[in-house]
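> Got a predicted structure here, sequence first:
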Amino acid sequence: MIVTGLRKIERLVVAIAIIANVSGAFVLLTLVAIMNVDVVSRNLFNAPFRGVVEVVIFSLALIVFLQLPDVVRTGRLTRSDGFLGLMRSRAPRFGATLTRVLDATACVFMCLIVWTVWPEFVESFESCHFFTPPDFGPEPTGNLWVDFKAGLARCDYFGTPGILQAPWWPVRLAIAFGCAWAAVLFFFKAVLGDTQAPRHVTAQSSGEV
């Protein structure tokens, strides 16, 4: 009964991980488009896209942590698992137990990352004063769009002033979400077992000679 309920919750968690992965793919496509625009405008019009470095930094953080949960789900997370693979083939029970222990350990480490990043997200988000009276700048007008734009101007930013600046809180939220969802997936792997066999990319499987 409990296992059946956990399986249903796991399916929902997996679905959200897949949606996050797709969102990360769209961010990647947007990044590719921006870089192509920069190359074309730089070479044809001698007018490079200002802030492309900041966009790359911002986008890479979003891509990595939005796609992290699905990487965990499919068993593609980079790791050295030669010994684990040997134990799975030579001693399946011990290999399965060791896999659960490693997944539980990974869950703990992901939770520690969330525990560290979440206060930073809260601090950077609260610096915008979307819902509280600001220390400086105009007072809230009651117009959501106007107050949102005014809040963005107060946010804790990264980037180069005068070129491109972006608030830190979306990146920190993506990091917290990705690690939290990865922790949940590791938890299910540790409790229910890893249904995804580890994937090994070789020259034969990748089509290379």
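Arrived safely.
> CA only for contacts and neighbour counts going forward, please
Noted.
> quick one, helices of the chain?
2-44, 52-74, 82-90, 92-126, 144-154, 169-192 (DSSP state H).
> Tell me which of those sits most buried.
Among the helices of the chain, helix 169-192 has the highest mean neighbour count (mean count of other Cα atoms under 10 Å), at a mean of 22.
> For it, name the packing helices and strands.
helix 2-44, helix 52-74, helix 92-126 (3 or more Cα pairs under 8 Å, 6 or more residues apart in numbering; DSSP states H and E).
> Stretch 146-164 - what's its average pLDDT?
On average, the pLDDT along stretch 146-164 is 74.
> any idea how far residue 21 is from residue 157?
26 Å (Cα to Cα, to the nearest Å).
> Can you give me every residue that contacts residue 183?
Shown in contact with residue 183 (Cα atoms under 8 Å, 6 or more residues apart in numbering): 106, 107, 108, 110, 111.
> And those, which is closest to residue 36?
Nearest to residue 36 among the contacts of residue 183, counting by Cα to Cα, is residue 110 at 34.9 Å.
> Quick one: residues contacting the spatially most central residue of the chain.
In the chain, the centroid-proximal residue (Cα atoms, centre = their mean) is residue 65; its distance is 1.3 Å. For residue 65, the contact set (Cα under 8 Å, 6+ apart) comprises 174, 175, 177, 178, 179.
> Quick check: it vs residue 116, distance?
Distance of residue 65 to residue 116, computed by Cα to Cα: 15 Å.
> Quick check: which ranges of the chain have low pLDDT?
Across the chain, the ranges flagged by pLDDT under 70 are 1, 133, 135-140, 142, 162, 194-209.
> still on that earlier bit, kindly present the contacts of residue 183 as CSV, with separate columns for distance to residue 124.
Formatted as CSV, these follow (distance: Cα to Cα, whole Å):
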residue, distance to residue 124
106, 27
107, 26
108, 25
110, 21
111, 20
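> ok, so of the residues you listed, who is nearest residue 29?
residue 110 (27.3 Å).
> these two touch, right, the closest one and residue 184?
No: using Cα atoms under 8 Å, residue 110 makes no contact with residue 184, being 9.0 Å away.
> For residue 62, see how far away residue 178 is.
9 Å.
> Over to residue 71?
Distance of residue 71 to residue 62, computed by Cα to Cα: 14 Å.
> Now residue 87. Nearest residue, chain neighbours left out?
residue 95 (4.8 Å; Cα to Cα, 6 or more residues apart in numbering).
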